[in-house]
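J.: No sequence on hand, only this structure:
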């Protein structure tokens, strides 16, 4: 019960470690106040940036860390560990005889059909450290060839002699019967209790051998690094006075305890971006907008997610370590639930360059936090989106991060002139405007494709913008998409960290049992759901959640027989044993198919493959009542909106194709009901919002900027 109260009351802190910046939010559930902070990420050791920024924020807000009930944290460490190949140095794999090379063979899909020299990501386990055992389980869970523990002992001894101390175990059809994997784990622990063993039947108990093997291997690979990181972070937080708990953000949008995250670290692979989508969902409910497009643009990438009915969609698969970052199929598949987002190489640090066709391109390579954009003065010499925004007047060189970081406008101009303007034989202004236009078009094009794939009309949506760079570009992107309204929340630059505080403790489960719906054993399906939900309830109870406050949702992955891909269909919590249930499922599937593709097929057999359940605790109380600014400035009141104008400066607007003397507003002097006409720049200490010349904006009751795009 105590932990449940810690998830929903008192002072709570959200921490989002991004590729360029680490963001912090301090929320007081009693007053509804929010303090925010931002500091540069320290990639060599993220805990350095975390503790530096956290201590600075607590001092500024005059709150003791001892008063904080819990800290919720999202991290990119899982992804970075995989990409940088810094996980377990000696990782072994034990699999069924004949399946040693599954992770290297992959599947028949080619991400580049016409490339004869196509490459795949290098396997995390070299062939010499992959071992086979003679055993065989049928897809129905029947034992076809019993496992020989003497052979397991021999294989385990060989791996130990090769210096392996982390082993992934993935046997054929272990999702139907885990007994052989459990026997292997027991035998390995008898050989050496210190060995770290990851079983596919625990990490990803679903069909499709390649994807399941990859997920198991990835979980084992990152486990030692994440365990060390969690222990270090918990220790440092405790030394600074934290008596509450540390929770971790999952890729599916829930939060979990450190012990669970330690066991399943692969579930954190998209934890930061997931929090941003949840923050957008929070604002969609608060502002009563049923259809929202979230745009999260940070220093390295931009993430886009559709939120319908207050809930972002969840997908059961993901790819990491792509050879072509934005080309599906070029990475390692991961069978874990993640929020359905698309990622674009469009961040403030995205580098502009001239390609072989002498065309201006932006991204996907980013300058990141180190060396950063040219204007940071940290060694970066290539022009980035941030450099272009600075040259065009959208950013104040003396008020970046609220004045804590000075920007060098001349260095930005030199980088653009040398690398873009001069090679293209154009002036620096046109080059900077081109960089901004290209990155805006990139985001809008990606969003249009995403809308088309989901069968949605962007004109029905409201854009919620957040991340340090997104408010600078949201108005232009919305205009390209035909979206009429943009919500720029207060503290937009740190909204992903806020989203972590809005997330309930939850965990997603999946089990495979395939068959045509008219021939399924529905009592077996009910047993699978009960197994998942009992595990989830136990997991949440260990986290302090009151059993009476736990909720459950069910779904199934289904398709027409002969198709290669499935859709998610909502499942009821009761009635699976009813004689007519199978026919009712046919109607459910056809309706879900029609909503997805605009039609359904009559007379086709339907099959189910996977059964999924989400077990969740109550949503935390993150009601917003008032804000107070950090950095020592008190909120001011004024008679009218003119009191909020703090300066004027020339800003380049594409619509006018010229610099315009533009009012610059202090976000902290704008109060509910005030209206602003474009062109305008609205500055706060963690982000800057741009309002186009023909647009207008109003401040709502929660201090959000509601931009009307024209």
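T.: Everything's here; your move. The structure presented is a predicted model; accordingly, all values stated were derived computationally and were not measured.
J.: So which residues of the stretch 401-550 of the chain form helices?
T.: Assigned by DSSP state H, counting those that start in this stretch, the helices in the stretch 401-550 of the chain fall at 409-416, 422-424, 428-454, 470-481, 495-501, 522-542.
J.: Show me the residue sitting in the middle of the chain in space.
T.: Note on the chain: the residue nearest the mean C-alpha position is residue 273, at 2.5 Å, using Cα atoms, centre = their mean.
J.: Pick the most buried one from the helices of the stretch 401-550 of the chain.
T.: Counting by mean count of other Cβ atoms under 10 Å, helix 495-501 has the highest mean neighbour count of those, with a mean of 31. For glycine as for every other residue, the C-beta is placed from the backbone atoms N, C-alpha and C.
J.: rewinding a little: looking at the helices of the stretch 401-550 of the chain, spot the one closest to residue 168.
T.: helix 522-542 (21.0 Å; Cβ to Cβ).
J.: Which neighbouring elements make contact with that closest one?
T.: Packing partners of helix 522-542 (3 or more Cβ pairs under 8 Å, 6 or more residues apart in numbering; DSSP states H and E): strand 506-516, strand 551-560, strand 606-616.
J.: most packed of the ones you listed?
T.: strand 606-616 (a mean of 22).
J.: Run a quick neighbour tally on residue 489.
T.: Counted by other Cβ atoms under 10 Å, the residues lying close to residue 489 total 27.
J.: Now do the end-to-end distance for stretch 72-80.
T.: One end of stretch 72-80 sits 20 Å from the other (Cα to Cα, to the nearest Å).
J.: So for it, mean pLDDT?
T.: In this model, stretch 72-80 carries a mean pLDDT of 87.
J.: what's in contact with it?
T.: By Cβ atoms under 8 Å, 6 or more residues apart in numbering, the residues outside stretch 72-80 that reach it are 12-19, 43, 46, 50, 86, 222, 225-226, 229, 233, 246-249, 255, 265-266, 268-272, 274-275, 320, 496-497, 500-501, 503.
J.: again, but for stretch 278-286
T.: Here stretch 278-286 has contacts from 253, 289-292, 294, 296, 305, 307, 310-312, 339, 462, 464, 466, 487, 489, 495-496, 498-500, 502-503, 622, 624, 702, 704, using Cβ under 8 Å, 6+ apart.
J.: Show me how to select, in PyMOL, the buried members of those.
T.: Buried residues among the contacts of stretch 278-286 (16 or more other Cβ atoms under 10 Å), as a PyMOL selection:
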select buried, resi 253+289+291+292+294+296+305+307+310+312+339+462+464+466+487+489+495+496+498+499+500+502+503+622+624+702+704
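J.: between the longest helix belonging to the chain and strand 506-516, how many degrees?
T.: Criterion DSSP state H: the longest helix present in the chain is helix 209-239. Per axes from the mean of the first three to the mean of the last three Cα atoms, to 10 degrees, the angle that helix 209-239 makes with strand 506-516 is 170 degrees.
J.: Can you give the strand pairings for the next helix-or-strand element following helix 209-239, parallel or anti for each?
T.: Next along the chain after helix 209-239, taking DSSP states H and E as the criterion, comes strand 245-249. Sheet partners assigned to strand 245-249 using DSSP bridges are listed as strand 68-74 (parallel), strand 255-257 (antiparallel).
J.: residues touching residue 706, list them.
T.: 485, 486, 487, 697, 698, 699, 700.
J.: Could I get the buried residue list for stretch 197-217?
T.: Residues of stretch 197-217 classed as buried: 197-217 (neighbour count, 16+ other Cβ under 10 Å).
J.: Figure out the length between the terminal residues of it.
T.: One end of stretch 197-217 sits 10 Å from the other (Cα to Cα).
J.: How far does it sit from its chain's centre?
T.: Its chain's C-alpha centre and that of stretch 197-217 lie 21 Å apart, by Cα atoms, centre = their mean, to the nearest Å.
J.: Ok, stretch 210-224 next?
T.: Per Cα atoms, centre = their mean, the centroid offset for stretch 210-224 relative to its chain is 19 Å.
J.: what does stretch 282-293 give?
T.: Worked out by Cα atoms, centre = their mean, stretch 282-293 lies 19 Å from the chain centre.
J.: So for that stretch, mean pLDDT?
T.: On average, stretch 282-293 scores 90.
J.: that older thread, give me the buried entries from the contacts of stretch 72-80.
T.: 12-19, 43, 46, 50, 222, 225-226, 229, 233, 246-249, 255, 265-266, 268-272, 274-275, 320, 496-497, 500-501, 503.
J.: Tell me where the model's unsure across the stretch 551-700 of the chain.
T.: 625-639 (pLDDT under 70).
J.: Try it again at 50.
T.: Across the stretch 551-700 of the chain, residues meeting the criterion (pLDDT under 50) sit at 626-639.
J.: At which residues are the helices of it located?
T.: Taking DSSP H, counting those that start in this stretch as the test, the helices found in the stretch 551-700 of the chain are 581-597.
J.: Name the nearest of the contacts of residue 706 relative to residue 510.
T.: Proximity of the contacts of residue 706 to residue 510 (Cβ to Cβ) peaks at residue 487, which lies at 33.6 Å.
J.: Excluding sequence neighbours, find me the nearest residue to the closest one.
T.: Counting by Cβ to Cβ, 6 or more residues apart in numbering, residue 487 lies nearest to residue 464, which is 4.8 Å off, once chain neighbours are set aside.
J.: what does residue 302 give?
T.: Distances taken as Cβ to Cβ, 6+ apart put residue 346 closest to residue 302, at 4.2 Å, once the chain neighbours are dropped.
J.: Doesn't that neighbour belong to a strand?
T.: No - under DSSP: H, G, I helix; E, B strand; the rest coil, residue 346 sits outside any strand and is assigned coil.
J.: What separation do you get for it and residue 457?
T.: Note on residue 346: its distance to residue 457, by Cβ to Cβ, to the nearest Å, is 23 Å.
J.: Out of the contacts of residue 706, which sit inside strands?
T.: Among the contacts of residue 706, DSSP state E puts 485, 486, 487, 697, 698, 699 in strands.
J.: Okay, and the beta partners of the third one?
T.: The reference is to residue 487. According to DSSP bridges, beta-bridge pairing links residue 487 with residue 464, residue 706.
J.: How confident was the prediction at it?
T.: Value for residue 487, per-residue pLDDT: 95.
J.: my guess is it meets residue 463, correct?
T.: Yes - using Cβ atoms under 8 Å, residue 487 makes contact with residue 463 at a distance of 7.1 Å.
J.: Tally up the residues packed near the residue lying closest to residue 647 once chain neighbours are set aside, please.
T.: Leaving out its chain neighbours, the residue that sits closest to residue 647 by Cβ to Cβ, 6+ apart is residue 664, at 4.7 Å. Residue neighbour count, defined by other Cβ under 10 Å, stands at 19 for residue 664.
J.: if I pick residue 664, what's in contact with it?
T.: Per Cβ under 8 Å, 6+ apart, neighbours of residue 664: 396, 645, 646, 647, 648, 649, 680, 681, 682, 683.
J.: Please report phi then psi for the nearest residue to residue 217 once chain neighbours are set aside.
T.: Spatial nearest neighbour of residue 217, chain neighbours left out: residue 168 (4.7 Å); criterion: Cβ to Cβ, 6+ apart. When read as degrees, to the nearest 10, the backbone of residue 168 gives phi -100, psi 140.
J.: Count the residues that sit near residue 168.
T.: 30.
J.: secondary structure class for the residue of the chain positioned farthest from its centre?
T.: Distance from the C-alpha centroid of the chain, by Cα atoms, centre = their mean, peaks at residue 150 (43.5 Å). At residue 150, secondary structure determined by three-state DSSP is helix.
J.: same deal with the one 5 residues further on?
T.: The three-state assignment at residue 155 reads helix, by three-state DSSP.
J.: and the gap between it and residue 213?
T.: For residue 155, the distance to residue 213 - Cβ to Cβ - is 17 Å.
J.: picking that back up, what is the rounded mean pLDDT of the longest helix of the chain?
T.: On average, helix 209-239 scores 95.
J.: swap in stretch 135-155?
T.: 95.
J.: Just the buried residues of it, please?
T.: Neighbour-count burial for stretch 135-155, counted by 16+ other Cβ under 10 Å, picks out 135, 136, 137, 147, 151, 152, 155.
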